[in-house]
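[1] coords please:
(one chain, ligands or ions: 2)
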Amino acid sequence: MSDKKTQTCRILAVANQKGGVGKTTTSINLAAALAAGGARVVLVDLDPQGNASTGVSVAYDARKGGTYGLLMLEKTAHDLLQPTEVPNLSVIASDTELVGAEIELVDAPDRETRLRSALAPLQAEADYIIIDCPPVWAC
Ligand SMILES: Nc1ncnc2c1ncn2[C@@H]1O[C@H](COP(=O)(O)OP(=O)(O)OP(=O)(O)O)[C@@H](O)[C@H]1O
Ligand SMILES: [Mg+2]
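    Numbering: from 1, shown residues only. Ligands and ions are numbered 1, 2, ... in the order given. Alright, predicted model coming up:
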C-alpha cells in the first residue's frame, strides 16, 4: 500500500483520436492492476459507449447521470462514485446521455476545466484517477 501521507494523486487520461485501438482495454486493465497492487484507483468512463463501465460490471440502470451529470454540475464526483468487485477500484460510470455534453458545453466558459474541477475532490482519497476517453475528442 502506498504511503498516504506523501502520495499525490496522478490523473492519467487514455486518449487517442482513432477508435478501437485499445483505450478502454488499457484503462480497465491499468486501473485493475494498480488497484491489485494496493493503490486507491478511480476509473472515470468519459465515453458514452460506456464500455469501461461494462468492463467493471456496472449495470446499465446504475449508470444514469454518470459523467454527464458530473460535467453538467448536476452531481458531484462523490455522488457518482461506485465501488466495483475489485478491491480499491471505484468507477464513475457513463451512459449514452453523455453524447450531448460536447454540444451542451460549447458556450460554457469553464468547459476546458470543468472535468478537472469536478474530479478535484477525489484527489485527496485516490492514488490514481484513470480516464477512459472516447474516440475523436482531444481529451
Ligand atoms: N492488446 C490487444 N490485443 C488484441 N486485441 C485487443 C487488445 N486490446 C484491445 N483489444 C480488442 O480491440 C477491441 C477494441 O478495444 P477497445 O474497446 O479497448 O478500444 P477503444 O480504443 O477503447 O475503442 P473506442 O475508440 O471505440 O472506445 C476490443 O475488441 C478489444 O478486446
Ligand atoms: Mg473505448
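[2] So which residue is smack in the middle of the chain?
    Nearest residue to the geometric centre of the chain (Cα atoms, centre = their mean): V44, 0.8 Å.
[3] Now that residue: which helix or strand?
    Using DSSP states H and E, V44 falls within strand 41-45.
[4] With L30 instead?
    helix 23-36.
[5] Looking at the nearest residue to S117 once chain neighbours are set aside now. What's its pLDDT?
    Distance criterion Cβ to Cβ, 6 or more residues apart in numbering; nearest residue to S117, sequence neighbours excluded, is D110 at 7.2 Å. Where C-beta positions appear, they are placed from N, C-alpha and C, glycine not excepted. Looking at D110, its pLDDT is 95.
[6] Cross-check the contact I'm expecting between D110 and A118.
    No - using Cβ atoms under 8 Å, D110 is not in contact with A118, being 10.2 Å away.
[7] quick one: buried residues of the worst-scoring helix or strand of the chain on mean pLDDT?
    Using mean pLDDT, DSSP states H and E, helix 101-104 stands out as the lowest-scoring helix or strand of the chain, at a mean of 92. Buried positions in helix 101-104, judged by neighbour count with 16 or more other Cβ atoms under 10 Å: A101.
[8] The chain: helices as residue ranges?
    Secondary structure of the chain (DSSP state H): helices at 23-36, 51-55, 66-71, 77-80, 101-104, 114-119.
[9] what packs against the second one?
    Just to be clear, that refers to helix 51-55. helix 23-36, strand 41-45 (3 or more Cβ pairs under 8 Å, 6 or more residues apart in numbering; DSSP states H and E).
[10] Excluding covalently adjacent residues, which one is nearest to the residue in the chain positioned nearest to ligand 2?
    Distances between the chain and ligand 2 by Cβ to the ion are smallest at T24, namely 3.2 Å. Distances taken as Cβ to Cβ, 6+ apart put N51 closest to T24, at 4.5 Å, once the chain neighbours are dropped.
[11] How much space separates that neighbour from T113?
    26 Å (Cβ to Cβ, to the nearest Å).
[12] One more: P135?
    Relative to T113, and taking Cβ to Cβ, P135 is found at 22 Å.
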